[in-house]
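Enquirer: got a sequence here, can you build the structure:
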Amino acid sequence: MIPDRSTFPDTRTKIASAGREGEERVHETSESWPLGSSERPLRVAVIGSGPSGFYAIAALFKADGIEADVDLFDRLPTPFGLVRGGVAPDHQKIKNVIRVYNRTAQHERFRFFGNVELGRDISVDDLRRHYDHIVYATGNESDRKMGIPGEDLPGVHSATEFVGWYNGHPDFQDRSFDLASARRVAVVGNGNVAMDVTRVLVRNTDELAPTDITAESLDVLRESGVEEVVLLGRRGPAQAAFSPQEIKEIGSLEGASLLVSEAEMDLDEISSSWLEESAAPSARRNVTYLSEIAGAQAGDGDRLVTCRFLVSPIDLQAGDDGRVGRCVIEKNELYAADDGTPRPRGTGETETLDVDLVFKAVGYRGVPLPGVPFHERWGILPNDEGRLQTEPDGDVVPGQYVVGWAKRGPTGLIGTNSPDSTATVKKMIEDIDGVAAPADPDKAPERIVELLRERGVDFVTFDDWNRLDEDEVRLGEAQNKVREKYTDVESMMAAVNRLR
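Expert: You can find the predicted model right below:
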């Protein structure tokens with residue numbers, strides 16, 4: 001039985017009551033008010049509680065002349081998306097952005113419904129009935145495939161799995177990674193996620209111990225036999241996707257050596273021209289730093305991080321034990337695309353690396369949502385500047401919007417989602433300009449609560465989350481850690497119900 005909790009602001013309950021008591025009067029008079037006015041607030045459901053969802057809500061609350069009631073739904077009992085489940089445990093300062101989201105959550109017109117999944121507990125039709133607008137902020141929850149032979153061999157993993165595993169994401173706690181018997185690991189890709197994977201693999205575990213890394217993953221990392229991580233980048237050093245701060249951090253790790261070949265730092269004419277004329281300052285800083293350390297020797301006993309450029313895996317082959325044992329890479333060359341951007345292409349020259357594990361860090365990809373159009377090729381929700389479409393380049397779906405990675409794909413940092421979400425909210429506000437609406441009883445704030453309770457959904461409020469948050473911090477303090485996370489939904493919900 002779901003506990004009867006009155007955790008929402010009194011003003012919201014009064015609004016809901018007024019809607020129910022005045023239902024007959026509304027139908028009799030058909031009185032309407034501007035949508036988004038104090039008389040008829042805009043009712044918005046946001047699906048997904050990561051950064052883009054919170055930034056969209058903040059933009060709505062800040063919009064001039066707009067009154068909005070916003071309900072935030074997440075399939076997990078915990079909010080904050082990749083800030084909780086994706087930011088590396090040794091980058092705790094980045095997680096301080098949660099303070100911004102907490103301020104948004106204090107707004108009197110905000111509610112959180114955790115442990116509520118679209119397609120399982122509620123449908124798009126439910127949301128359309130109870131809200132004026134729906135915002136999808138579901139990110140990209142899967143990984144891109146390389147599409148090469150051997151990709152499904154044992155010992156080949158996605159960075160998504162590994163990152164989720166050591167960060168305590170419930171979706172990935174059943175994964176296992178044989179680090180104890182591994183000596184050389186290939187990480188395909190050289191973006192910041194690849195940097196996170198590499199850093200966690202080679203960093204001294206005593207430095208990870210005080211963070212919010214899970215106890216199980218820390219134990220596995222303590223037993224790791226990894227001696228070398230080889231980073232495989234398909235483009236040249238000038239086009240490396242990592243940020244200067246990320247690669248410099250790898251180079252400054254105690255007990256690790258960052259190795260770069262002087263030959264691979266010999267820039268071709270295309271890269272030199274692109275750096276001078278078009279590249280971002282970060283690309284020039286990367287080249288400067290990599291050139292400074294190129295040719296350096298490894299320290300005695302250090303774990304090695306070897307940066308390779310202009311190479312692409314084309315075949316993963318099994319060893320004698322049936323697990324991945326070799327990675328065939330093809331050397332690339334750069335050519336100038338029509339817009340002058342350097343692009344890689346294979347030369348036909350190959351090389352074989354002996355490897356014990358492979359982590360694919362070649363990007364994230366969205367997953368389809370029940371009842372929501374999906375762009376299969378791009379792995380996003382089809383949209384026109386944030387307005388959901390029936391299909392790629394199709395008609396706009398009225399009242400439904402997209403933000404964040406679900407809108408544009410896996411690009412940018414956490415802060416990139418703020419202007420992106422604000423731009424979508426601007427379109428939403430444009431769409432209600434001059435629109436009037438009656439006080440629809442189905443859109444009274446308590447109706448969705450009643451629906452979830454009727455279906456037996458044990459939803460988590462933001463007050464519930466705050467108590468769970470405090471409990472994780474308390475458990476962590478007992479172990480001299482930032483926090484000890486609950487790592488599966490069952491234990492989360494057991495704790496939530498115990499703490500209520």
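Enquirer: so G139 is in contact with W405, correct?
Expert: Yes: contact status for G139 versus W405: in contact at 4.6 Å, counting by Cβ atoms under 8 Å. (Glycine included, C-beta is placed from N, CA and C.)
Enquirer: what touches both of the two?
Expert: Common contact partners of G139 and W405 (Cβ atoms under 8 Å, 6 or more residues apart in numbering): S52, Y364, G366.
Enquirer: per-residue confidence for the second one?
Expert: Meaning Y364. pLDDT, Y364: 89.
Enquirer: cool, the first one as well?
Expert: Model confidence at S52, expressed as pLDDT, equals 97.
Enquirer: could you find the closest non-adjacent residue to it?
Expert: G404 (2.6 Å; Cβ to Cβ, 6 or more residues apart in numbering).
Enquirer: could you pull out the strands for the stretch 201-350 of the chain?
Expert: 228-232, 256-260, 303-308, 311-318, 324-336, 342-354 (DSSP state E, counting those that start in this stretch).
Enquirer: among the ones you listed, which comes closest to E477?
Expert: Closest approach to E477 among the strands of the stretch 201-350 of the chain (Cβ to Cβ): strand 256-260, 29.4 Å.
Enquirer: can I get the closest one in CSV? Just the C-alpha atoms.
Expert: The C-alpha trace of strand 256-260 is given here as CSV (Å, rounded to 0.1, in the frame of the first residue of the first chain):
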residue,chain,number,x,y,z
ALA,A,256,51.4,6.8,-14.3
SER,A,257,53.3,7.9,-17.4
LEU,A,258,51.7,9.5,-20.4
LEU,A,259,53.5,8.4,-23.6
VAL,A,260,53.2,10.1,-27.0
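Enquirer: and it, how far out from the chain middle?
Expert: Distance, stretch centre to chain centre, for strand 256-260: 29 Å (Cα atoms, centre = their mean, to the nearest Å).
Enquirer: can you list the strands that it pairs with?
Expert: According to DSSP bridges, strand 256-260 forms sheet pairs with strand 303-308 (parallel).
Enquirer: contacts for the strand it pairs with next, please.
Expert: Against strand 303-308 from outside (Cβ under 8 Å, 6+ apart): 190, 198, 201-202, 226-233, 237, 250, 255-261, 264, 290, 298, 329.
Enquirer: picking up where we left off before, would you turn the strands of the stretch 201-350 of the chain into CSV with mean pLDDT, mean neighbour count and distance to R120?
Expert: Shown next, in CSV, are these (pLDDT from 0 to 100; neighbours: other Cβ atoms under 10 Å; distance: least, Cβ to Cβ, whole Å):
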stretch, mean pLDDT, mean neighbour count, distance to R120
strand 228-232, 98, 24, 38
strand 256-260, 97, 22, 44
strand 303-308, 98, 21, 42
strand 311-318, 98, 19, 35
strand 324-336, 97, 18, 35
strand 342-354, 97, 14, 42
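Enquirer: picking up where we left off before, give me the more crowded residue out of G139 and W405.
Expert: W405 (30 against 24; other Cβ atoms under 10 Å).
Enquirer: is it true that that one touches Y364?
Expert: Yes: W405 is within contact range of Y364, at 6.7 Å (criterion: Cβ under 8 Å).
Enquirer: which residues are in contact with both of the two?
Expert: Counting by Cβ under 8 Å, 6+ apart, the residues touching both W405 and Y364 are G139, N140.
Enquirer: where along the stretch 51-200 of the chain do the strands fall?
Expert: 68-73, 110-113, 133-136, 142-143, 156-158, 184-188.
Enquirer: and these: which comes nearest L468?
Expert: strand 110-113 (11.8 Å).
Enquirer: so for the closest one, mean pLDDT?
Expert: On average, the pLDDT along strand 110-113 is 98.
Enquirer: report all helices and strands that it contacts.
Expert: Packing contacts for strand 110-113, counted by 3 or more Cβ pairs under 8 Å, 6 or more residues apart in numbering; DSSP states H and E, involve strand 68-73, helix 445-454, helix 462-477.
Enquirer: ok, that strand: who's next to it in the sheet?
Expert: Assessed with DSSP bridges, strand 110-113 is paired to strand 68-73 (parallel).
Enquirer: so, low pLDDT: which residues of this protein?
Expert: Along the chain, segments meeting pLDDT under 70 span 1-30.
Enquirer: could you chop it up by domain?
Expert: Per automatic domain parsing, the structural domains of the chain span 10-141+366-460, 144-364.
Enquirer: pretty sure F172 contacts A159?
Expert: No: the pair F172 / A159 is not scored as a contact, 11.1 Å apart, by Cβ under 8 Å.
Enquirer: so between these two, which is more surrounded?
Expert: Legend: neighbour count by other Cβ under 10 Å for F172 and A159, higher for A159 (23 against 18).
Enquirer: and the more buried one, how close does it get to G81?
Expert: As judged by Cβ to Cβ, to the nearest Å, A159 and G81 stand 16 Å apart.
Enquirer: repeat for G48
Expert: Distance of G48 to G81, computed by Cβ to Cβ: 7 Å.
Enquirer: find residues that contact each of those two.
Expert: In terms of Cβ under 8 Å, 6+ apart, G48 and G81 are both contacted by the residues D74, G139.
Enquirer: packed most tightly, which of the helices and strands packed on strand 110-113 would that be?
Expert: Each of the helices and strands packed on strand 110-113 was scored by mean neighbour count; the highest is strand 68-73, a mean of 25, by mean count of other Cβ atoms under 10 Å.
Enquirer: mind saving the C-alpha coords of it as CSV?
Expert: Written as CSV, here are the backbone C-alpha positions of strand 68-73 (Å, rounded to 0.1, in the frame of the first residue of the first chain):
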residue,chain,number,x,y,z
ALA,A,68,4.0,27.3,-14.8
ASP,A,69,3.4,24.2,-12.7
VAL,A,70,6.2,21.7,-13.5
ASP,A,71,6.3,18.0,-12.6
LEU,A,72,9.6,16.3,-13.1
PHE,A,73,9.6,12.5,-13.7
